[in-house]
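Peer 1: Here is my input; please provide its structure:
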Amino acid sequence: VEDVIQELFHACFETEDYKPEPARMRRLMGTVQALLVVDDFEGSAQDLTALADAAPGCDLLVAAVARCPAEEARTLRLGGLAEGASLDLLARELRRTPEGAERAAACELIGTVRGHPLTLVQSAAAVRAAENAGEDHDGSGLAADETARAVGAAARLNDDAVRLLRTLSALSPLSVSSTLLEVLTAEAGPSGPALEPLEELNLIERDAPGLRSRGDFATLVLRHVGGAPDAGEFAPALTHWLSTGATRQQAAAEATVIAKVLTDAARREDHTAVRDLARAAAPLLARSLQ
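Peer 2: Presented below is the predicted three-dimensional model:
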């Protein structure tokens, strides 16, 4: 939460290398009136209270997997879409309204996944990709089970797309910047041949300033093309980057990735990799104000 507050402060004020004490931070942020949106919040109720207190002039919207109660907060549970909204979403993604057998298949799919939006989007993408490839279908593409859809999606991925998806899935659910993708893959940033099939199938999403894999279906697709590597395998490449050219601002921006790679390398008991990565990262992060 301290890092989120510091990032918010830098977004609202023109300053560099300055971290106000909490009382001064609160006075400065009290002059800011904005909507603060925090996705993937994993803190406690106390963290949520601290965040709200640090930005007293802001309205706060928080999305989290688990309910995080706070006295002043109003909680809204998000479920799946209703059938009508689900059909509208499928029609938008298919670029036509499902009719006949395809509509029946769509309704069956909606009921099976309980209106889960991402599953509907990825199912429509699989059908559209098959049509773009000139394949005939009878509407059953929407109703196919998840494993069958995953096999079909995997068959449409070229080697470049597979390499990119493997890297993103290893670090899921984190977003990976283009800078870090170059570091971890020893290749230039993602190009059209890698991005196009993954975006067509909705297996990845752009999440500033980088990319991330989209949900469990992307992981399932990857099982049919060799699976994802362990994030700990990236420790040597990350260590080299931190030791030879990364700035403290870049290290701070990639702190969550560094932590995940450290954790996975430790789980593999690759102690030398953990030691070297920690030694490379610590001085930069210590000077980052985060």
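Peer 1: now His224, nearest residue through space, not along the chain?
Peer 2: Ala154 (3.9 Å; C-beta to C-beta, 6 or more residues apart in numbering). Bear in mind the C-beta positions are built from the backbone N, C-alpha and C, glycine included.
Peer 1: So Arg156 sits against Ala133, correct?
Peer 2: Yes - Arg156 is within contact range of Ala133, at 7.4 Å (criterion: C-beta atoms under 8 Å).
Peer 1: Please identify which of those two sits among more neighbours.
Peer 2: Neighbour count, other C-beta atoms under 10 Å: between Arg156 and Ala133, Arg156 has more, with 18 against 9.
Peer 1: quick check, that one in a strand?
Peer 2: No - under the criterion used here (DSSP: H, G, I helix; E, B strand; the rest coil), Arg156 is coil, not part of a strand.
Peer 1: low pLDDT regions in the chain?
Peer 2: 134-141, 143-144, 188-189 (pLDDT under 70).
Peer 1: circling back: list the contacts for the residue nearest to His224?
Peer 2: By C-beta atoms under 8 Å, 6 or more residues apart in numbering, the contact set of Ala154 is Val221, Leu222, His224, Val225.
Peer 1: same question, Pro236
Peer 2: Applying C-beta under 8 Å, 6+ apart, the residues near Pro236 are Ala273, Asp276.
Peer 1: Give the buried residues for the helix or strand that contains it.
Peer 2: Taking DSSP states H and E as the criterion, Pro236 maps to helix 235-244. For helix 235-244, the neighbour count (16 or more other C-beta atoms under 10 Å) marks Ala235, Pro236, Ala237, Leu238, Thr239, His240, Trp241, Leu242 as buried.
Peer 1: now do stretch 121-135
Peer 2: Applying 16+ other C-beta under 10 Å to stretch 121-135 flags Val121, Gln122, Ser123, Ala124, Ala125, Ala126, Val127, Arg128, Ala129, Ala130 as buried.
Peer 1: Among these, name the ones in helices.
Peer 2: Among the buried residues of stretch 121-135, the residues falling in helices (DSSP state H) are Val121, Gln122, Ser123, Ala124, Ala125, Ala126, Val127, Arg128, Ala129, Ala130.
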